[in-house]
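Student: Model the following, please.
(one chain, ligands or ions: 2)
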Amino acid sequence: MTPCFGSGNLSCRYLENDFQREMSTESIAEVAVFAAVDRTLTYRVPAELRPYAEIGKRVLVPLARQQALGLLIGLDQKPLAVKEGVVLRDILAVVDPFPTVPQELITLCRWIAEYYFHPLGEVLRSTLPGNIQLKPRVLLAVTATGRVVPRTGKSSSLLELLQDQPPLTLAEIQKRLQLAKVPHVELKSLLAQGCLERVFVWPDPPARIQVVHMVRLCHGEEPGLAAATSAKARTLAALIEESGGTVPLKALQHQVKGAKYWLDKWRRQGVISVEPMEIPRQVLGLQSIPSRPAPLLNADQEAIIGAVAPFLHTPAFHPVLIHGVTGSGKTEVYLHLISKALQAGRGVLTLVPEIALTTQLEALFRHRLGDALTIWHSALSPGERYDQWRCALNRPTGVVLGARSAVFMPIQNLGLIIVDEEHDQSYKQEDRLRYHARDVALVRARMLGIPIMLGSATPSLQSLHHGLSGRYRMLALPSRIMERPLPTIEVVDMRLQKGKSRIISPQLHEAIKKTVHNGQQAIVFLNRRGFATFLLCRGCGEALPCPHCSVSLTYHRRRDLLSCHYCGHEQRPPDQCPRCSHAPLFYYGFGTERVEQELRDLVPEVRLARMDRDTITHSRELVKTLDRMRCGQVNVLLGTQMVAKGHDFPNVTLVGVINADISLQMADFRAAETTVQLLLQVAGRAGRGEEPGHVIIQSYNPNHPAIQCVLNGDYLTFAKHELEARRGLQYPPITRLTKLLVTSRDSELARQAAHELVRLAHAQIDKMSAQNKPIAVLGPAPAPLSKLKSRYRWHLYVKAWNSKDLKEFVQSLLDLARDVTLLRRVHLNVDRDPMSTL
Ligand code: ADP
Ligand code: ZN
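Tutor: Numbering: from 1, shown residues only. Ligands and ions are numbered 1, 2, ... in the order given. As a prediction, the model looks like this:
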């Protein structure tokens, strides 16, 4: 039980001020409203709010004809850059008693907004839990002055109406008075005269703070209890004293009937106090993970700790890239450094990809770090998020373990950042604010001047590039713990499987049978869900497409539905082709649902669990399935990426990859890199215990360098080759890319707008190249996913040789685009350092 009090409380003391205007010096505030507003806005801080106005607090401000919530991010005594003749509007209310966003995060968000071309207010909003983003409803009420003021002119009906009413919104007032509009001047003057006041009503937050009332014995008041005469009072007194002086009120009332009488009496006498105490919600249903003491570290692990630990005491920006093979003990290194940081009085941020998938890591951290831990990921409920966020905000030193968006968590005295599996693409958010959490973490560490550790068995080419060039310090964990061998890897050439099963080769079939027979476990991986990948008409040769997207529908047999994996559209499979009426239609390709059926047919004694987004719709199911695997109720775990990442099941001796080529076929210059990372990651799940592991990879492309790299396990050689190839093609990480995506419901409009954008770009390129700042523009072209959710998509890529030129170019292009009507009619998305080419 950790008490955390403080900000975030939605009740609000500072709203009830009258808006008198006594002015001395002007106090000016810079506010980022939580909306898609391009600039930050400037407001005047009225005298009565001045004592409360502080950077990092939320404020309510007028925005056009409405009110908006925003964050106060700058304060100045003299007008900032205010235009001649512009009268500043007043801040309406200061919402928070304490700052909710620390200055450090405001600075970071300013960087993010600049770098990713995103409105600052929206960036700031995404750092806050949902509760904090709610806007109050504004009502109008008559004040005491308003009640007695002589009724004259137009305002009389308004005051009359509110006289015997609870406060009303402006819309309600207009309706009751049957007015199209209450004149603005009139309202303003009534407010200024103090006849009317604004009343703020907060909507019910999705999550409330959970509070328990605690009875606390006041200091030095023990004799007061001892004086208890009745039996009941003596029992109560004993219970309070036994508890050490603090005990939940409910517990006392439960144990002693009529406790209320005595407790009230003691409270009046000042013997005890009753105080609310906040109880954060318990995050997670724990898995059955044995708690183990921390092992003694080996020499390689010690070397890394020796390299990072000094920077916990003498902080400096110090990026370290750890290349450690799967099972080499990276997690142990993290845990040791975290403990050291805590001892040094520093907080720690640990990022992992999709923490919901690695609940075991969460359990391990909890065993070792106990109450210091805060968890943050998308599978938490709004209430859990709210609690965890407030704990992180208020705890003097703590550890945050979380997925992508945890990079925005407030952490006091932050002294170390760890990014595990730094290569993982789920660190990149692909909608709204398109940021990369690893890169933001690096910037946060640089701004704070603290060490950051990036760890991976297969570092991204970007990080490797910086490591090899000396910008990051590179350290290695080259072998598995206890000299355990890496798994042996075998590639099955599926081209030779003609006529036999196209899904599971005899080699994999045999191996699974043997594993199950030996009482061991297997993981089978296929990065595609569903039963059949598409429904094909042999009459017209077309696959049945999604009506809203340019992709084919996937067939799910259990539910007998066709579904679009991009927009969620679902429909019953038709009997005949909707285009040419040919029948029957044929089911082609296969996903995990089909593999499940195949495996059950081939190995009837198998105890199989499938993990993909069809079977796992809630984190509870995930924890349950992983738990069943851990305690052996399941011996074959089949699934998509969910089975590939991070798991440490010591009894898994076999890993099967059904189709290694799926990610190789992507039209993406990172296809080979991504494939190798994924395959080595899933292969690394095998042989983590006493028994050695074996991996079987089925491929139609066994000679591809990516598959060959997985076979010989030499990631560094592969990566260096890839880097050279990128240099030749001038792709990242050698150059910098930004993708501009134009979308519209009108296909012709999207096409024209994309071409117009390129025309603007070319004029701009000429200007920049005259200043010796080379820029290239590729495109426009229809995006590979040319239609998504009924919007047509065109993209173009901007390439530059350094970040500064890219920024300058894209910014001026966006400024130009703002003035072009054609471009204002489409959506224009900017994706800096894009990871997806779709
Ligand atoms: P990685 O994160 O590199 O995949 P882990 O940190 O999960 O590796 O370590 C793999 C296994 O080895 C874990 O079960 C861990 O408890 C154990 N382990 C790590 N370091 C040591 C050590 N120095 N001695 C003994 N066991 C260790
Ligand atoms: Zn769709």
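Student: Not counting its neighbours along the chain, what's nearest Thr625?
Tutor: Once flanking residues are discounted, Thr625 sits nearest to Ala609: 5.1 Å by CB to CB, 6 or more residues apart in numbering. Where C-beta positions appear, they are placed from N, C-alpha and C, glycine not excepted.
Student: Please apply the same query to Pro774.
Tutor: Using CB to CB, 6+ apart and skipping residues adjacent in sequence, the residue nearest Pro774 is Trp801, 6.1 Å away.
Student: Tell me, how many residues neighbour the closest residue to ligand 1 within the stretch 601-750 of the chain?
Tutor: With CB to the nearest ligand atom as the measure, Asp648 is the residue of the stretch 601-750 of the chain nearest to ligand 1, at 5.0 Å. Taking other CB atoms under 10 Å as the criterion, the count of residues near Asp648 is 18.
Student: And it, how far from Lys330?
Tutor: To Lys330, Asp648 is 11 Å away according to CB to CB, to the nearest Å.
Student: Ok, Glu221 next?
Tutor: From Glu221 over to Lys330 (counting by CB to CB), the distance is 53 Å.
Student: coming back round to it: give me the nearest residue to the residue of the stretch 601-750 of the chain closest to ligand 1, chain neighbours excluded.
Tutor: Leaving out its chain neighbours, the residue that sits closest to Asp648 by CB to CB, 6+ apart is Arg688, at 5.7 Å.
Student: got the contact list for the one you found?
Tutor: The contact partners of Arg688, taken as CB atoms under 8 Å, 6 or more residues apart in numbering, are 326-327, 484, 648-650, 652.
Student: Most widely separated two among these?
Tutor: Taking CB to CB, the two most distant members of these are Arg484 and Phe649; they sit 14.1 Å apart.
Student: Taking the stretch 1-150 of the chain, what residue is nearest to ligand 2?
Tutor: Ala36 (25.4 Å; CB to the ion).
Student: Kindly report the residues of the stretch 551-700 of the chain close to ligand 2.
Tutor: By the rule CB under 5 Å from the ion, the part of the stretch 551-700 of the chain lying against ligand 2 is 564, 566-567, 569.
Student: Let's see if you can find the most crowded of the residues you listed.
Tutor: If you count neighbours using other CB under 10 Å, the busiest of these is Cys564, which has 20 neighbours.
Student: Could you give the separation of stretch 310-324 from the chain centroid?
Tutor: The chain centroid and the centroid of stretch 310-324 are separated by 25 Å under CA atoms, centre = their mean, to the nearest Å.
Student: was I right about Arg529 contacting Gly591?
Tutor: Yes. With contact defined as CB atoms under 8 Å, Arg529 and Gly591 form a contacting pair (4.8 Å).
Student: any residues in contact with both of those two?
Tutor: Counting by CB under 8 Å, 6+ apart, the residues touching both Arg529 and Gly591 are Thr554.
Student: what does the protein put close to ligand 2?
Tutor: The chain comes close to ligand 2 at residues 546, 548-549, 564, 566-567, 569, as judged by CB under 5 Å from the ion.
Student: TSV please, covering those and showing secondary structure, distance to Gln597 and pLDDT.
Tutor: Shown next, in TSV, are these (DSSP: H, G, I helix; E, B strand; the rest coil; distance: CB to CB, whole Å; pLDDT from 0 to 100):
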residue	secondary structure	distance to Gln597	pLDDT
Cys546	coil	25	92
His548	coil	29	93
Cys549	coil	27	91
Cys564	coil	22	93
Tyr566	coil	25	88
Cys567	coil	27	88
His569	coil	25	93
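Student: And those, which is closest to Leu680?
Tutor: Out of the residues of the chain next to ligand 2, the member with the shortest distance to Leu680 (by CB to CB) is Tyr566, at 27.9 Å.
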